[in-house]
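Q: how would this look folded up:
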Amino acid sequence: MTVIARQEIFNKMIAHSKVEAPIEATGYLAGIRTPEGIIALEAYPMVNIDASAEHFSFSPEEQFRVMKEARGKGLEMVAVYHSHPATPARLSEEDIRLAYDPDMVHVIISLKDDKVDIKAFNVRDSAVSEVKMEVKRHG
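A: Residues are numbered from 1 along each chain as shown. You can find the predicted model right below:
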């Protein structure tokens with residue numbers, strides 16, 4: 001599987017992560033699923049209501065609003081993203097434990113040591129596999 005997104009989507013997630021540091025930034029990527037992989041077309045930065053550097057939660061109201069807006073555009077939620085302000089771009093034990101939807105990709109934006117590292121993962125029955133991410137150059 002591959003997640004494909006325009007550079008603007010990556011830029012939006014990175015900017016959100018930097019603004020929210022030192023707490024974890026979080027949000028959704030909405031898009032479409034194709035035989036070639038997932039195409040992320042929209043990034044929806046959201047509020048981490050836990051205001052924590054180690055975990056995140058969405059408000060149900062904001063989550064519903066974002067899902068409704070994406071569905072209104074004919075998109076589905078294809079990934080959840082969050083930042084790791086001081087740790088590597090890998091899923092924590094908590095991230096794995098809370099990964100209930102095997103079709104959802106989990107994107108981690110690490111800001112460790114003032115460097116940006118982005119990785120994506122799929123979790124199926126607690127087994128983690130890295131998902132390739134690709135920048136779409138045009139369109």
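Q: Show me which residues of the helix or strand hosting Met77 are buried.
A: Element membership of Met77, judged by DSSP states H and E, is strand 76-84. If you call a residue buried by 16 or more other C-beta atoms under 10 Å, then strand 76-84 has these buried ones: 77-84. In this view, the C-beta of every residue, glycine as well, is placed from N, C-alpha and C.
Q: from the chain's centre, how far out does that strand sit?
A: Chain-centre distance of strand 76-84: 2 Å, with C-alpha atoms, centre = their mean, to the nearest Å.
Q: Repeat that for stretch 13-27.
A: So, by C-alpha atoms, centre = their mean, the centroid of stretch 13-27 is 11 Å from its chain's centroid.
Q: ditto for stretch 55-73
A: 13 Å.
Q: Please point out which parts of it sit buried.
A: Applying 16+ other C-beta under 10 Å to stretch 55-73 flags 56-58, 66-67, 70 as buried.
Q: between those residues, which is nearest Met1?
A: Using C-beta to C-beta, Ala70 is the member of these that lies nearest Met1, at 19.8 Å.
Q: elements contacting the helix or strand where the closest one lies?
A: For Ala70, the element it lies in under DSSP H and E is helix 60-72. Helix 60-72 sits against strand 26-34, strand 37-46, strand 76-84, with contacts defined as 3 or more C-beta pairs under 8 Å, 6 or more residues apart in numbering; DSSP states H and E.
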